[in-house]
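*Asks:* Next input, structure requested:
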Amino acid sequence: MCNVSRSKKAKYKMAGIENSVSIGELIQDIIESHKLMIEENNVSIKYSGIESVVTSKYYLMILLQNLIENGIKYNKSVFKTIHIQSRVQGEEIIFSIEDNGIGIPEESKSGVFLMFKRLHSYDEYEGHGIGLAACKRIVEKLGGKIWFESTLEVGSVFYFTIPIKGAA
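*Replies:* Just a heads-up that it's a prediction; the model follows:
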């Protein structure tokens, strides 16, 4: 039991290791690992912005992966688009992930980042209400903020910041 606990702690610490991360390569890795989902759903994913950032590659991957997956899952468009951008503003890097999905109803916006809060029935969309709550916890662990803008039947833009430790 003690070895398992140590192993989990070591793995958790490894996840938080900060290195220079190529954002474009990370997004390409996510696209490659989701190739079938992207092809089946007719998704176009584009990235523009800074080349690299000093942060936890693992945490950044989980963030982007969750937001990309949501942009695909909650989208009824024939041609789905996801545009990821990053830019330096002051002492932080702002990321945006924009989709042309179903949007979030005004009355549901306050609960989006709550753990186990689902906005739709399981019959409509699979999931457990964990993804965005996990994103919020990760962003806060990295020292940033997360928020969104959304218009019903037009799409959503999720933003998150991380402090600058290095960018190229």
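*Asks:* For E140, see how far away the residue lying closest to L142 once chain neighbours are set aside is.
*Replies:* The shortest distance from L142 to any non-neighbouring residue, by Cβ to Cβ, 6 or more residues apart in numbering, is to I162 (4.8 Å). Quick note: C-beta positions are derived from backbone N, CA and C, even for glycine. Separation of I162 from E140 (Cβ to Cβ, to the nearest Å) stands at 11 Å.
*Asks:* returning to what we had before: which residues does the residue nearest to L142 form a beta bridge with?
*Replies:* I93 (DSSP bridges).
*Asks:* Count the neighbours of it for me.
*Replies:* By the measure other Cβ atoms under 10 Å, the count of residues near I162 is 24.
*Asks:* Contact partners for it?
*Replies:* Counting by Cβ atoms under 8 Å, 6 or more residues apart in numbering, I162 touches 53, 55, 60, 92-93, 95, 139, 142-144.
*Asks:* let's see 7 Å
*Replies:* Counting by Cβ atoms under 7 Å, 6 or more residues apart in numbering, I162 touches 53, 55, 92-93, 142-144.
*Asks:* Check those for burial and list the buried ones.
*Replies:* In those, burial by neighbour count holds for 53, 55, 92-93, 142, 144, counting by 16 or more other Cβ atoms under 10 Å.
*Asks:* now I17, nearest residue through space, not along the chain?
*Replies:* Nearest residue to I17 in three dimensions, chain neighbours excluded: S56, at 6.3 Å (Cβ to Cβ, 6+ apart).
*Asks:* er, V43 actually
*Replies:* With sequence-adjacent residues excluded and distances taken as Cβ to Cβ, 6+ apart, V43 is closest to K80, at 4.4 Å.
*Asks:* Could you identify the helix or strand that succeeds the helix or strand Q28 falls within?
*Replies:* Assigned by DSSP states H and E, Q28 falls within helix 23-33. Moving toward the C-terminus from helix 23-33, the next helix or strand (DSSP H and E) is helix 35-40.
*Asks:* Pull out the buried positions in that following helix.
*Replies:* By neighbour count on 16+ other Cβ under 10 Å, the buried set for helix 35-40 is I38.
*Asks:* Alpha carbons of that helix, as PDB, please.
*Replies:* Extracted in PDB, the C-alpha atoms of helix 35-40 (Å, rounded to 0.1, in the frame of the first residue of the first chain):
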ATOM      1  CA  LYS A  35      -7.600  11.100 -35.700                       C
ATOM      2  CA  LEU A  36     -10.500   8.800 -36.000                       C
ATOM      3  CA  MET A  37     -12.800  11.100 -34.000                       C
ATOM      4  CA  ILE A  38     -11.700  14.100 -36.100                       C
ATOM      5  CA  GLU A  39     -12.300  12.300 -39.400                       C
ATOM      6  CA  GLU A  40     -15.600  10.800 -38.400                       C
END
